[in-house]
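>>> just need the structure, nothing else, for what follows:
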Amino acid sequence: MKKEVPPEKEKVLKAAASLFAEKGYAGATVRDIAERINVSVAMLYYYFKSKEEVIFSISEMNGDSLLRILDDAIRDNSDPLGRLRQMMFVYICSIPANKNEVKIFVEQHGNLSRKYKNKIVKRHRKIYDIYMGELRQLKNLALIRFDDLSVVVFAMFGMVNWTYRWYREGDKKPIEGVARILIDLFFHGILTDAGLALYSKLDPI
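This is a model prediction of the structure:
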């Protein structure tokens, strides 16, 4: 799954993500991106065929990074309740350093042509399926009190993904503390009494 990005190319993607977040896809040009990192437009076209390929690559990089985070959390946690908590915690904590990329991955794939959009939607679906699989396990253990798990997973996405819109680095509360609050809100909203009893016994994160 891991796809290495050359440092020079990653520098372009970081600059482009910042510009797209500031100006929107339509408002930022290839020349703007080149000027942001002080390189020629020709050098930019060496790495990317078009502006569309740039924004696709940003979304692809962010989606792959999130999938690696989820895979690591699943591999490192045998307890299903602790596993889902860890998946959410690590992802939320990663958002401040990647907020522009997250915004593009979540919001701006509508700017892509069908070929590129379908590839990003597949990543969205894979992430959805991973979380849904974890929630089904908890439901089968009678730890979740709702039957419609699609509502639960989309509520979780809304809570987690939208962190990039309001959280600012340098806030009095560090992102780890914010993550713990959000996760507590989520689990206290969805768990049965039996689930809450088990949740209260998890080791602190």
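>>> give me the neighbour count for residue 17.
28 (other CB atoms under 10 Å). Any C-beta I mention is one placed from the backbone N, CA and C, and that applies to glycine too.
>>> buried set for whichever strand or helix holds residue 9?
Residue 9 is part of helix 7-27, with elements assigned from DSSP states H and E. Neighbour counts over helix 7-27 (16 or more other CB atoms under 10 Å) mark 9, 12-21, 25 as buried.
>>> where does pLDDT dip in the chain?
Scanning the chain for pLDDT under 70 picks out 1-5.
>>> repeat that for 50
Applying pLDDT under 50 to the chain picks out residues 1-2.
>>> quick one: contacts for residue 190?
Listed by CB atoms under 8 Å, 6 or more residues apart in numbering, the contact set of residue 190 reads 144-146, 152.
>>> which of those residues are buried?
Here, 16+ other CB under 10 Å leaves 144, 152 buried among the contacts of residue 190.
>>> okay if I get the contacts of residue 190 as a markdown table plus distance to residue 175 and secondary structure?
Shown next, in a markdown table, are the contacts of residue 190 (distance: CB to CB, whole Å; DSSP: H, G, I helix; E, B strand; the rest coil):
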| residue | distance to residue 175 | secondary structure |
| --- | --- | --- |
| 144 | 26 | strand |
| 145 | 29 | coil |
| 146 | 28 | coil |
| 152 | 23 | helix |
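>>> mind picking the two most distant members of the contacts of residue 190?
Across the contacts of residue 190, the longest distance by CB to CB is 9.7 Å; it joins 145 and 152.
>>> about what we covered before: now the contacts of residue 190 as a markdown table including distance to residue 77?
A markdown table is the format used below for the contacts of residue 190 (distance: CB to CB, whole Å):
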| residue | distance to residue 77 |
| --- | --- |
| 144 | 18 |
| 145 | 22 |
| 146 | 23 |
| 152 | 19 |
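>>> number of residues surrounding residue 140?
Neighbourhood size, residue 140 [other CB under 10 Å]: 10.
>>> and it, how far from residue 149?
The span separating residue 140 from residue 149 equals 11 Å under the rule CB to CB, to the nearest Å.
>>> just how off-centre is the helix holding residue 9 within its chain?
Averaged C-alpha coordinates place helix 7-27 at 17 Å from its chain's average position (CA atoms, centre = their mean, to the nearest Å).
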